[in-house]
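K.L.:
Provided below for reference: sequence and predicted model.
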Amino acid sequence: MELLKKARKLRPAHLLAAAFLLYIGFVALYPLEPLKNDTKSLLKGEISVSAYMDRIDEMYDGMLSTEQDQPLLQNKGTYINLNGAMAKLLGQPMMNERVRLKNGHLTSVVSWRNSQEDIEYTAHNITRLSQMQQKNGGQFLFVLAPSQISKYEDLLPEGYTDTMNDTSDTLLSLLDQNGVAYLDLREALHKDQISNADAFFVTDHHWRPQTGFWAYTKILSALEESGAIASVDGFYTDSSHYDFVTYPNTFLGSSGKRTGICYAGVDDSIFIQPKFETEITLIVPEWELDLTGRYEDVCYNSEDTLNPDNPDYFQFNAYGLYGWGDNSLNRWRNENAPDNSKVMLIGDSFGNIPFSLMSIYFSDCDELDMRYYSEDFQRHYQDFQPDIVILEATLDQAVAENTCYSFLPA
């Protein structure tokens with residue numbers, strides 16, 4: 001009778017937890033055949049507990065890799081999905097270092113603060129690059145990309161804080177004092193009344209392609225206002241002249257890969273295609289790639305394709321297709337572009353979409369990611385002689401490799 005009373009007190013969450021643990025016991029341990037001998041050795045006292053745990057860590061390392069002919073842990077994606085389903089059922093605001101915001105989006109939180117010294121060094125470094133470009137008769141623009149944690153929306157769950165907006169505000173204030181031209185896309189989003197829920201993927205930290213296109217138009221407008229270029233040809237910034245080809249529920253972003261498809265759902269895969277004729281050349285040295293064709297034929301990584309009928313959520317990356325991912329150098333050329341300016345584009349992965357679209361508008365674009373660029377920047381700059389330099393950074397990368405790179409000798 002006592003056992004029956006206890007059973008009646010069990011809630012659905014308890015039953016699901018029990019089922020989950022049984023599943024883990026079967027799925028996670030059964031395939032680990034090589035661990036059986038280690039388990040026997042542990043029980044006999046022949047190896048220590050720490051050595052046993054090291055053995056488990058070694059075996060689990062890389063189990064999601066598709067390079068393994070026979071992965072030790074089968075269906076790890078199912079394991080992650082079940083874990084995410086449990087976390088969602090229990091209302092956990094955080095899973096595997098990802099916080100679920102009030103709008104349902106997943107993000108990482110930066111709770112530590114950059115030192116004032118680091119921020120001042122970054123501002124000094126950006127200022128020197130801007131001054132060098134102006135000294136050479138060119139134009140410079142720093143672009144601050146937003147993050148999922150809005151400056152104007154209360155999105156963090158109770159008990160969580162993030163410092164990225166404060167750090168970025170301090171940096172922009174210093175750039176303003178130094179006379180550096182900048183575009184704050186956080187403010188532009190707010191002014192255009194675009195919510196972060198509409199601007200960003202749910203399961204990935206990047207902005208949606210539609211937002212990347214919007215950023216491309218805002219950058220061109222800022223260049224026009226500064227006198228860097230003549231009046232923007234509105235034909236190339238009119239979204240009605242582009243198709244946004246959408247494959248619903250086919251993309252699980254970098255945060256979603258940590259939490260599974262149940263915790264926050266999945267996103268759409270979206271590909272931009274101009275409706276007008278384009279002929280663009282893209283050279284990516286590290287891929288040994290030299291392509292010429294329509295924007296959509298050269299922009300997207302053709303070696304990583306989407307199967308919309310059976311998407312591989314844990315391996316496919318829809319956002320990473322733009323510009324063939326994060327590369328040290330992309331050379332974009334377009335003889336039919338409406339503007340013949342030579343533009344140096346420096347940025348992180350947030351730049352992949354708007355920078356690729358710049359190839360439609362400008363004849364010569366060299367796109368660099370200083371996180372990976374190991375060549376002589378000064379020589380590249382002098383050889384290219386850009387009319388315009390655009391340095392883009394997102395909030396969590398505002399004080400990081402791309403902005404702290406030594407563009408000029410000390």
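P.N.:
Noted; the coordinates are in hand.

K.L.:
got a pLDDT number for the closest residue to residue 371 other than its chain neighbours?
P.N.:
Excluding the flanking residues, the one nearest residue 371 by Cβ to Cβ, 6 or more residues apart in numbering is residue 401, at 4.3 Å. No exception for glycine: its C-beta is placed from N, CA and C like everyone else's. What the model reports as pLDDT for residue 401 is 92.

K.L.:
Residue 374 is in contact with residue 401, correct?
P.N.:
No: using Cβ atoms under 8 Å as the test, residue 401 is too far from residue 374 to be in contact (11.7 Å).

K.L.:
ok, the two, which is more surrounded?
P.N.:
residue 401 (14 against 8; other Cβ atoms under 10 Å).

K.L.:
Quick check: the more buried one vs residue 101, distance?
P.N.:
Per Cβ to Cβ, to the nearest Å, residue 401 is found 26 Å from residue 101.

K.L.:
Same check on residue 287?
P.N.:
From residue 287 across to residue 101, the span is 35 Å (Cβ to Cβ).

K.L.:
who's more crowded, these two?
P.N.:
residue 101 (24 against 15).

K.L.:
My guess is the more buried one contacts residue 158. True?
P.N.:
No: if you go by Cβ under 8 Å, residue 101 and residue 158 don't touch, sitting 11.9 Å apart.

K.L.:
which ones are touching the closest residue to residue 325 other than its chain neighbours?
P.N.:
Once flanking residues are discounted, residue 325 sits nearest to residue 301: 6.2 Å by Cβ to Cβ, 6+ apart. Residue 301 makes contacts with 320-321, 324-325, as judged by Cβ atoms under 8 Å, 6 or more residues apart in numbering.

K.L.:
7 Å instead?
P.N.:
Applying Cβ atoms under 7 Å, 6 or more residues apart in numbering, we find residue 301 in contact with 321, 324-325.

K.L.:
same question, residue 113
P.N.:
Counting by Cβ under 7 Å, 6+ apart, residue 113 makes contact with 163, 167.

K.L.:
what's the distance between it and residue 348?
P.N.:
Distance from residue 113 to residue 348, by Cβ to Cβ: 21 Å.

K.L.:
My guess is residue 122 contacts residue 404. True?
P.N.:
Yes: with contact defined as Cβ atoms under 7 Å, residue 122 reaches residue 404; the gap is 5.7 Å.

K.L.:
more neighbours, these two?
P.N.:
residue 122 (23 against 17).

K.L.:
Assumed that one was part of a strand.
P.N.:
No: counting by DSSP: H, G, I helix; E, B strand; the rest coil, residue 122 is located in no strand; its state is helix.

K.L.:
Looking at it now. What's its pLDDT?
P.N.:
96.
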